[in-house]
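>>> when you get a sec, could you give me coordinates for this:
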Amino acid sequence: MVKGFFVYEFPPIDWFEGSLTLEQFVKEHVGTEDVTSVISVTAKIMEDIVSPRLSAIAEHTHWEGDMREPMRFIGLPNPDYGNLELALLIKQDNNGTTFLASPFELPWLAEYCCYRPKSR
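Numbers count the residues shown, from 1 in each chain. Purely as a prediction, here's the structure:
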């Protein structure tokens, strides 16, 4: 079993069709205007999804901590289980470098992989 995230570093990418910002992701999953629910879901997403992926990007790339636009989520089909799992995309403001943290390996992007977690 692999623990951690595969991290990829790309030259600038400007087209993020099919991905969602945190705000869009919360609206899709909460389906309500109830502020308490939105805050609760947002906090849970930040803790469970965003934080570990951002940490992986910060630890294993040259990301300077800045973002040109909001972080984005993309659902990727897990090759082992067939369900969708979330990957996190961020685009650095300084030079446009784009980073992706995926819960599983994306072999077709091997040349951009800068970190592979160890199996346990």
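>>> CA only for contacts and neighbour counts going forward, please
Noted.
>>> please enumerate residues in contact with stretch 91-107?
By Cα atoms under 8 Å, 6 or more residues apart in numbering, the list of residues contacting stretch 91-107 from outside reads 2, 4-13, 53-54, 56-57, 63-69, 71, 78, 85-90, 116.
>>> residue nearest the centroid of this protein?
residue 88 (0.7 Å; Cα atoms, centre = their mean).
>>> part of a strand, is that one?
Yes. Going by DSSP: H, G, I helix; E, B strand; the rest coil, the assignment for residue 88 places it inside a strand.
>>> now do the helix or strand of the chain with the lowest mean pLDDT: which elements does it pack against?
Ranked by mean pLDDT, DSSP states H and E, the helix or strand of the chain with the weakest confidence is helix 35-45, at a mean of 73. Using 3 or more Cα pairs under 8 Å, 6 or more residues apart in numbering; DSSP states H and E as the contact test, the elements touching helix 35-45 are helix 22-30.
>>> how distant is the helix it packs on from the center of its chain?
Here helix 22-30 is found 15 Å from its chain centre; the criterion is Cα atoms, centre = their mean, to the nearest Å.
>>> now do that helix: which elements does it pack against?
If contacts are counted by 3+ Cα pairs under 8 Å, 6+ apart, helix 22-30 sits against helix 35-45, strand 72-77.
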